[in-house]
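Colleague: Structure for the following, please:
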Amino acid sequence: MGLTSISHWLIVLVIVVLVFGTKKLRNVGKDLGSAIHDFKEGLDKGSNPETTKKDDVIEHQSNTDKKA
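Modeller: Residues are numbered from 1 along each chain as shown. Modelled structure (predicted):
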């Protein structure tokens, strides 16, 4: 029984579900998915500097409007 055995990974999966529970694992999955989404979005903004500058100006203007 090596590390690539399917039965080994099924046993590990069952133990992880028993220890953490499905609700906590679901929350971890959701957080991880949103983090990956935000990371990809940041990469897209970084590769398009024109849109980043426009977004920053709009965000700055909206923040100053809220303070006034």
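
Colleague: mean confidence score for stretch 29-38?
Modeller: For stretch 29-38, mean pLDDT is 94.

Colleague: Report the buried residues of it.
Modeller: Neighbour-count burial for stretch 29-38 flags no residue at all (criterion: 16 or more other CB atoms under 10 Å). Just so you know, the C-beta spots here come from the backbone N, C-alpha and C atoms, and that holds for glycine as well.

Colleague: One more: stretch 7-22?
Modeller: Judged by neighbour count (16+ other CB under 10 Å), stretch 7-22 contains no buried residues.

Colleague: what residue ranges in the protein score low on pLDDT?
Modeller: Counting by pLDDT under 70, the chain has low-confidence residues at 1-3, 49-68.

Colleague: Point out the other helices and strands that the longest helix anywhere in it packs with.
Modeller: Secondary structure assigned by DSSP state H gives helix 22-47 as the longest helix of the chain. In terms of contacts (3 or more CB pairs under 8 Å, 6 or more residues apart in numbering; DSSP states H and E), helix 22-47 is packed against helix 6-20, helix 49-67.

Colleague: Please determine how far D31 is located from H37.
Modeller: Taking CB to CB, to the nearest Å as the measure, D31 falls 11 Å from H37.

Colleague: How many neighbouring residues does L25 have?
Modeller: A count of nearby residues for L25, using other CB atoms under 10 Å, gives 13.

Colleague: what do you get for V28?
Modeller: Counted with other CB under 10 Å, the neighbours of V28 add up to 11.

Colleague: before we move on, what about K45?
Modeller: Using other CB under 10 Å, K45 is surrounded by 13 other residues.

Colleague: From A35, how far out is it?
Modeller: Distance of K45 to A35, given as CB to CB: 16 Å.
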